[in-house]
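Colleague: 3D model of this:
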Amino acid sequence: MKRVNYIHIAGHDEEHSAAQVVEDLEGESFNKIKGAYRHLPELLIDTHGEPVKGTVWDLLEYAYQRLPVIPPTLLERDFNFPPFAELYAEVEHIAQLQQKYAQKEVISYAA
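Modeller: All right, here's what the predicted structure looks like:
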């Protein structure tokens with residue numbers, strides 16, 4: 001499973017198209033999304049402590065459009081916690097994107 005924001009950060013730092021990476025990963029699933037910190041204009045750092053950025057949300061939606069099934073997706077946040085309502089809003093955004101593409105099979109690992 002691939003991490004959506006890792007693809008975004010690698011695409012930014014290595015100057016290649018994150019969307020092209022998603023296209024090249026046909027059938028692979030994505031399981032994590034998290035924020036990144038802009039250390040320098042040309043460098044993003046995967047911190048697990050920032051809100052998810054718009055470009056990462058866009059990439060997650062693009063991946064959901066292309067995947068044959070919608071995987072469970074974890075919002076990863078290890079520190080710098082905002083109020084619960086903000087975290088919940090990010091989780092709800094993931095759920096809304098999954099629901100938008102619900103005509104596909106949604107993988108669930110719930111018992």
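Colleague: CA only for contacts and neighbour counts going forward, please
Modeller: Will do.
Colleague: biggest helix in the chain, by residue count?
Modeller: Longest helix in the chain by number of residues (criterion: DSSP state H): helix 84-100.
Colleague: Check which residues of that one are buried.
Modeller: 87, 90-91, 94, 97-98 (16 or more other Cα atoms under 10 Å).
Colleague: Let me know the average pLDDT across that helix.
Modeller: Helix 84-100 shows a mean pLDDT of 94.
Colleague: Stretch 52-72 too?
Modeller: For stretch 52-72, the mean pLDDT works out to 85.
Colleague: Okay, buried residues for it please.
Modeller: The neighbour-count criterion (16+ other Cα under 10 Å) identifies 52, 56-57, 59-61, 63-67, 69-72 as the buried residues of stretch 52-72.
Colleague: coming back round to it: what helices or strands is the longest helix of the chain leaning on?
Modeller: helix 54-66 (3 or more Cα pairs under 8 Å, 6 or more residues apart in numbering; DSSP states H and E).
Colleague: Compute the inter-axis angle for the helix it packs on and helix 84-100.
Modeller: Per axes from the mean of the first three to the mean of the last three Cα atoms, to 10 degrees, the angle that helix 54-66 makes with helix 84-100 is 30 degrees.
Colleague: Quick check: the gap between residue 86 and residue 66.
Modeller: 28 Å (Cα to Cα, to the nearest Å).
Colleague: same question, residue 87
Modeller: Counting by Cα to Cα - residue 87 and residue 66 are separated by 26 Å.
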